[in-house]
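Chemist: Next come a sequence and a model predicted from it.
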Amino acid sequence: MANTPLHQQLSIMKQSFFDEGLLDHEQVSYLETLENEDDPDFIENLFTMFLRDSSRYIDSIEKALEATPVDYSVMERMLYQLKGSSASIGASKINGETNTLRKVFHDGDIESAKASLQKLKEEHANFKEKLVIYVRMLKEAKPSEY
Amino acid sequence: MATSNGSSTGTKITALVVDDDRVINAIHCKRLNKLGIENHVAANGKEAVDLHCSGKKFDLILMDRDMPIMNGIEATRELRAMGVRSIIVGVSTRSIKQEIQEFMDSGLDDYQEKPLTSSKVISILHKINCNEFLD
């Protein structure tokens, strides 16, 4: 495995994800075992897919919470979607904030739920910003065989 | 798409992954694929039932609980009512005993909490292998 400056940067960035609690080390290691020569872009594609889908889920959650009356069934479904999805790629902070939002929402306090949603959106924006860079670097680091 | 070590003798294990989240589907399929299992995907319970109505059979079904149109509980009941004897494993984020029991009662052989890890998948496969030998 090449040890170019780019690869070193990737290692450092990946480690910082773990250190900051943004990604779960164990889950990411598991995902890496699924990648192979037949599908070397598996992880990049997965992360990209997650970023896109999670943005949609959060938008739906926001709309459901702003609706009068609050759209409970959409909230439930979207919260479970986001919980499962974030857990499966190891996005710990997003998973954590989603669980917090779920709890607050189930407690019936809509105003607190809205505040919790804002926190989730911040975490998501932060995660997305960093992950987009990471994915770009992953692509650049791939040896071009063409 | 490249396949794993081709098995010309004997049948490959087939699996149906039922989940409305495509990130989860991608991960489950990849995991099963690497173990030499042939995968299909359904985005909700109704699609899973329709596949069976059209005559498809699977050794293993990974069934998510919360899905639109037809959820995992309804789909499992429907499949069992249709006489489907595949191993159906419920996969969900729910961890409350009552909710798990409700899902199990619909006809599951096993229940695993998301995310599916290697060891969970292997324990599921052991169930299939045991079944194969008993048949």
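Modeler: Structure received.
Chemist: going forward, measure contacts between C-alpha atoms and count neighbours the same way
Modeler: Noted.
Chemist: element containing residue B:40?
Modeler: Following DSSP states H and E, one finds residue B:40 within strand B:38-42.
Chemist: Tell me the helices and strands packed up against that strand.
Modeler: strand B:14-18, helix B:22-34 (3 or more C-alpha pairs under 8 Å, 6 or more residues apart in numbering or on different chains; DSSP states H and E).
Chemist: Now with 10 Å, please.
Modeler: strand B:14-18, helix B:22-34, helix B:45-53, strand B:60-64 (3 or more C-alpha pairs under 10 Å, 6 or more residues apart in numbering or on different chains; DSSP states H and E).
Chemist: give me the residue from chain A nearest chain B.
Modeler: residue A:88 (5.0 Å; C-alpha to the nearest C-alpha).
Chemist: so that residue touches residue A:31, yeah?
Modeler: Yes - Residue A:88 lies in contact with residue A:31 (C-alpha atoms under 10 Å); the separation is 9.0 Å.
Chemist: Contact partners for the nearest residue to the residue of chain A closest to chain B once chain neighbours are set aside?
Modeler: The shortest distance from residue A:88 to any non-neighbouring residue, by C-alpha to C-alpha, 6 or more residues apart in numbering or on different chains, is to residue B:115 (5.0 Å). The neighbours of residue B:115, taking C-alpha atoms under 10 Å, 6 or more residues apart in numbering or on different chains as the test, are A:27, A:84-90, B:24, B:27-28, B:91-93.
Chemist: returning to what we had before: can you list residues touching both of residue A:88 and residue A:31?
Modeler: In contact with both residue A:88 and residue A:31: B:27, B:117, using C-alpha under 10 Å, 6+ apart.
Chemist: circling back to that earlier point, now the weakest link among the helices and strands packed on strand B:38-42, please, by mean pLDDT.
Modeler: Of all the helices and strands packed on strand B:38-42, helix B:22-34 carries the lowest average pLDDT, namely a mean of 91.
Chemist: on contacts alone, who are the packing partners of it?
Modeler: So helix B:22-34, by 3+ C-alpha pairs under 10 Å, 6+ apart, packs with helix A:25-34, helix A:42-66, helix A:72-89, strand B:14-18, strand B:38-42, strand B:60-64, helix B:118-134.
Chemist: hey, C-alpha coordinates of the fifth one in PDB?
Modeler: If I follow you right, that is strand B:38-42. Taking Å, rounded to 0.1, in the frame of the first residue of the first chain, the C-alpha atoms of strand B:38-42 are listed here in PDB:
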ATOM      1  CA  GLU B  38     -26.700 -14.700  -4.400                       C
ATOM      2  CA  ASN B  39     -28.700 -11.600  -3.400                       C
ATOM      3  CA  HIS B  40     -31.900  -9.900  -4.400                       C
ATOM      4  CA  VAL B  41     -33.300  -6.700  -2.900                       C
ATOM      5  CA  ALA B  42     -36.800  -5.600  -2.100                       C
END
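Chemist: what residues does chain A put near chain B?
Modeler: Residues of chain A lying close to chain B by C-alpha under 10 Å from any C-alpha of the partner chain are A:26-27, A:30-31, A:33-39, A:42-43, A:45-51, A:53-54, A:74, A:76-78, A:80-90.
Chemist: ok, 7 Å please
Modeler: A:34, A:38, A:46, A:49, A:50, A:77, A:81, A:84, A:85, A:87, A:88 (C-alpha under 7 Å from any C-alpha of the partner chain).
Chemist: Now the second one. Its backbone dihedrals?
Modeler: Note on residue A:38: backbone dihedrals following degrees, to the nearest 10 are phi -70, psi -30.
Chemist: neighbours around it, how many?
Modeler: Residues lying near residue A:38 (other C-alpha atoms under 10 Å in any protein chain shown) number 11.
Chemist: gap between the residue of chain A closest to chain B and residue A:27?
Modeler: 7 Å (C-alpha to C-alpha, to the nearest Å).
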